[in-house]
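In: Return atomic coordinates for the entry below.
(one chain, ligands or ions: 2)
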Amino acid sequence: MTEDFPQPVDSALVPRFAGVPSFFRLPLVASAADLDVAVVGIPWDGGTTNRAGARHGPRAIRDQSSLIRRVNHATRVEPFRLARVADVGDIPTDPIDLQGALRRIEAGIEAILRAGARPLAAGGDHLTTLPVLRAVGRRHKLAMIHFDAHSDTNDRYFGENYYTHGTPFRRAIEENLLDPRRVVQIGIRGSNYDLDEHAWATAQGIRIIYMEEFVRRGAAEVMAEAKTIVGHAPTYISFDIDCLDPSMAPGTGTPEVGGFTTREAQQMLRLLDGVHIAGADVVEVAPPFDMGGITALAGATMMFEVLCVMAHGLASHRGRSGP
Ligand code: MN
Ligand code: MN
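Out: Residues are numbered from 1 along each chain as shown. Ligands and ions are numbered 1, 2, ... in the order given. Predicted coordinates:
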């Protein structure tokens, strides 16, 4: 609402293909001080079990995000006028030290939170969400709305590896970061390892909305239920790009056919309005498997949709509590 909020580069003066890419062409800043939302890259994919490459996600998403404009035409939200948003760069991570990378990611998110901002992260594989939850969930136990083809609540890999992009939410629940009765997973599908693959998750109280149920009920009804589940609790939004159909998002590590269209995903994210979003991410964009940047563009667009809801929420709250 004020003139001094960080603004994207004016594309009427500097063409979209020119300059050094940052998220949404926003200023690149060294710290999250004075920000409401810190957009941050987490270029790490050491938890990937199949096709690697999500470490290149943040750079490709930044590049494609140069196409995003200032106004959400559907909701009429102008996020960069409602909230102070900037690109705080990437969290540097060691690509071959898993536990070290998790510690660095947690520390990077901790710095954002300590500065008083909320993180909007671009992964990275889905294991990067665990250290983000460690930082955000330390402040308050979180609810979560999770869009994915996969539940990511597996226990382990190769017998003894507890940390992969298939396990983050099992670990997060064990570590008391998430309240499983306030967790909803939407878009789950694909072939499974076992008949009872999701038994642990549902026994904890996680609500799994499989793709077939989404097709039957539609976005409005599903999101109304999701919002009832998270209630007024601080909520994390995690968007795995593989929830989209591979025809619209081929650049990802574990594609599953029968996914959401980008339009359905936008519709759902817009319906998050009113949810108390404590942080969010878009993960698993793997540019080496992308074509023409369409997956990175989808990732950038989903980040914009989430950002619009976050900014609107922050501005409404500011409006209620005064300047
Ligand atoms: Mn995932
Ligand atoms: Mn997935």
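
In: in what helix or strand does the closest residue to E213 other than its chain neighbours lie?
Out: Excluding its sequence neighbours, the residue lying closest to E213 (Cβ to Cβ, 6 or more residues apart in numbering) is V222, at 7.4 Å. Any C-beta I mention is one placed from the backbone N, CA and C, and that applies to glycine too. Assigned by DSSP states H and E, V222 falls within helix 219-230.

In: what packs against that helix?
Out: On a contact count with 3 or more Cβ pairs under 8 Å, 6 or more residues apart in numbering; DSSP states H and E, helix 219-230 meets strand 142-147, strand 178-188, strand 207-210, helix 262-270.

In: out of these, deepest packed?
Out: strand 142-147 (a mean of 26; mean count of other Cβ atoms under 10 Å).

In: how about the residues of this structure that lie near ligand 1?
Out: Residues of the chain found near ligand 1 (Cβ under 5 Å from the ion) are H126, D148, H150, D152, D240.

In: rewinding a little: of all the helices and strands packed on helix 219-230, which lies closest to P27?
Out: For the helices and strands packed on helix 219-230, the distance to P27 is smallest for helix 262-270, at 24.6 Å, taking Cβ to Cβ.

In: helices or strands next to that closest one in the packing?
Out: Counting by 3+ Cβ pairs under 8 Å, 6+ apart, helix 262-270 packs on helix 219-230, strand 235-240, helix 294-321.

In: what about the last one and ligand 2, touching?
Out: No. Judged by Cβ under 5 Å from the ion, helix 294-321 stays clear of ligand 2, getting no closer than 13.0 Å.

In: Taking helix 262-270 as reference, get the angle to that helix.
Out: 20 degrees (axes from the mean of the first three to the mean of the last three Cα atoms, to 10 degrees).

In: Now do helix 294-321: which elements does it pack against?
Out: strand 37-42, helix 57-64, helix 79-82, strand 118-123, strand 235-240, helix 262-270, strand 277-283.

In: who in the stretch 201-323 of the chain is up against ligand 2?
Out: Counting by Cβ under 5 Å from the ion, the stretch 201-323 of the chain sits next to ligand 2 at D240, D242.

In: Show me the shaky parts of the stretch 201-323 of the chain.
Out: 320-323 (pLDDT under 70).

In: repeat that with 90
Out: The model of the stretch 201-323 of the chain has pLDDT under 90 over residues 317-323.

In: Tell me which residue of it lies closest to ligand 1.
Out: As assessed by Cβ to the ion, ligand 1 sits closest to D240 within the stretch 201-323 of the chain, at 3.6 Å.

In: Same question for the stretch 51-200 of the chain.
Out: For the stretch 51-200 of the chain, Cβ to the ion, closest residue to ligand 1: H126, 3.6 Å.

In: Can you report how many residues neighbour the nearest residue to that residue once chain neighbours are set aside?
Out: Spatial nearest neighbour of H126, chain neighbours left out: H165 (4.0 Å); criterion: Cβ to Cβ, 6+ apart. Using other Cβ atoms under 10 Å, H165 has 29 neighbouring residues.

In: which SS state does H165 fall under?
Out: The local conformation at H165, judged by DSSP: H, G, I helix; E, B strand; the rest coil, is coil.

In: I'd like to check which residues are in contact with it.
Out: Going by Cβ atoms under 8 Å, 6 or more residues apart in numbering, H165 touches D45, G47, T48, T49, D125, H126, L127, D152, G253, E284.

In: top of the residues you listed by neighbour count?
Out: Neighbour counts for the contacts of H165, by other Cβ under 10 Å, peak at E284, which reaches 32 neighbours.

In: pLDDT below threshold where in the stretch 1-150 of the chain?
Out: Scanning the stretch 1-150 of the chain for pLDDT under 90 picks out 1-4, 139-140.

In: give me the residue from it nearest ligand 2.
Out: For the stretch 1-150 of the chain, Cβ to the ion, closest residue to ligand 2: H150, 3.8 Å.

In: and V257, what is it in contact with?
Out: D245, P246.

In: returning to that earlier point: so which of the helices and strands packed on helix 294-321 is nearest R216?
Out: So among the helices and strands packed on helix 294-321, helix 262-270 is nearest, using Cβ to Cβ, at 13.4 Å.

In: How about residues contacting that closest one?
Out: So helix 262-270 is contacted by 72, 74-75, 147, 186, 219, 222-223, 237, 239, 243-244, 248-249, 260, 298, 301-302, 305-306, 308-309 (Cβ under 8 Å, 6+ apart).

In: now do stretch 100-110
Out: 40, 42, 44, 46, 91-95, 119, 121, 127-128, 130-132, 134-136, 163, 279.

In: correct me, but R189 touches I209?
Out: No. Assessed by Cβ atoms under 8 Å, R189 is found out of contact with I209, at 10.4 Å.
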